[in-house]
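Engineer: here is my input; please provide its structure:
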Amino acid sequence: MRQIWIPRPGRPEVLEIRETELPEPKPNEMRIKVEAAGINFADISGRLGIYQDLPPMPVVVGYEVGGCIDKIGENIDPGWLGKDVLGLTRFGGYSESVCVDQQQVFSRPAGMTAALGAALPVNYLTAYQLVCVMGGVRAGETILIHSAGGGVGIAAIQLAKHRGAKIIGTASTRKHEYLKQIGVEHCIDYRQEDFEKRVMEITSGAGVELVLDAVGGKSFKKSYRSLSATGRMGMFGVSSAAISKSRNRMAFFKMVANLPWFKFTPIELINNNKGVFGVNLGRLWGEMDRVGSWMEDLLELYSEGVIAPRVDATFHFSEAAAAHHYIQDRKNIGKVLLIP
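Structural biologist: Numbering: from 1, shown residues only. Here you go, the predicted model:
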């Protein structure tokens, strides 16, 4: 079978296809014949060599796939054979076939394609944790979503809208029309406008109840200042450390230096009635019962038409470098997938 490997840190062109043996499922595992694999910013960070959870290179990344079960290990119900599924993969998703623990595999609802299945897990679980579990957004509250045109951003918009929240989103101008169509009331071009200033103008100085920020550095400081009393900030990435397409230590250290190391002190939080929390889905592999319940909720919301992943572009395995370029050039509105 074919897999996409990262042999060393570098630009997207370092990605290479290798032929390997077909994996055999161990007890409690199922083998998924992959029809689509999701690309996430963690994969980009891994290729750059700045993702702390990445196994030693050479490595195959990829956290989510859509496909069908073509072989099962011991202790698995034979009824799974031939089922259309989506799955969470702890790396290894950029493959034609991948073996996955049964707790990480879910049947696809009727009408859900493999592409939509691969577009759902990471983005929607992350957004669900941010908006519903830890952010606790309620009807009438205002939420600021950074990178609103990305996969997590669109997922968060759909969930926040379902909960009756008012939505402010940051994105480049060309994405604003689409974002307004799906429920964003105010769009801010972060490249041309000071989002903190605009948020205060939009909310008449009150601030927002929830901010979702995956930018990092100075953005965390500005997002925190944009919170209202009782406001919460969810941090789920540091994309400002990956501004170039090859390893850039200066960008990384600049982002780290600009983090609010002494801002979120206990006394500061107490006196300002604000909350700060972090989300890293990749650190919840030991909490699959919890994550699985979130996924069941999301699949029900999908069946009800509340959420719908937006697949922006698909690339064949041979075009993996182009896919990474596409994401780093901020061209996507929604999910980007790899097709074996």
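Engineer: CA only for contacts and neighbour counts going forward, please
Structural biologist: Noted.
Engineer: got the contact list for the spatially closest residue to residue 95 that is not a sequence neighbour?
Structural biologist: The spatially closest residue to residue 95, leaving aside those adjacent along the chain, is residue 3, at 4.3 Å (CA to CA, 6 or more residues apart in numbering). For residue 3, the contacting residues are 17-20, 60, 94-96, by CA atoms under 8 Å, 6 or more residues apart in numbering.
Engineer: which helix or strand lies directly C-terminal to the helix or strand residue 3 falls within?
Structural biologist: Using DSSP states H and E, residue 3 sits within strand 2-5. Heading C-terminal from strand 2-5, the first helix or strand you meet, by DSSP H and E, is strand 16-19.
Engineer: what packs against that next one?
Structural biologist: Contacts defined by 3 or more CA pairs under 8 Å, 6 or more residues apart in numbering; DSSP states H and E place strand 16-19 against strand 2-5.
Engineer: mind listing what's buried along the strand it packs on?
Structural biologist: Using 16 or more other CA atoms under 10 Å as the test for burial, strand 2-5 gives 2-5.
Engineer: and the two most separated of those?
Structural biologist: Pairwise distances across these (CA to CA) peak at 9.6 Å, for the pair 2 and 5.
Engineer: shared neighbours of the two, which are they?
Structural biologist: Listed contacts common to residue 2 and residue 5 are 17-18; contacts here mean CA under 8 Å, 6+ apart.
Engineer: ok, now which ones touch residue 232?
Structural biologist: Under the criterion of CA under 8 Å, 6+ apart, the neighbours of residue 232 are 135, 209-211, 274-277.
Engineer: sec struct for it, please.
Structural biologist: Here residue 232 is strand, with the state taken from DSSP: H, G, I helix; E, B strand; the rest coil.
Engineer: gap between it and residue 144?
Structural biologist: Distance, residue 232 to residue 144, by CA to CA, to the nearest Å: 11 Å.
Engineer: which SS class is residue 138?
Structural biologist: Using three-state DSSP, the structure places residue 138 in coil.
Engineer: what does residue 276 give?
Structural biologist: Taken by three-state DSSP, the conformation at residue 276 corresponds to strand.
Engineer: ok so, going back, who touches both of residue 232 and residue 144?
Structural biologist: Common contacts of residue 232 and residue 144 (CA under 8 Å, 6+ apart): 210-211.
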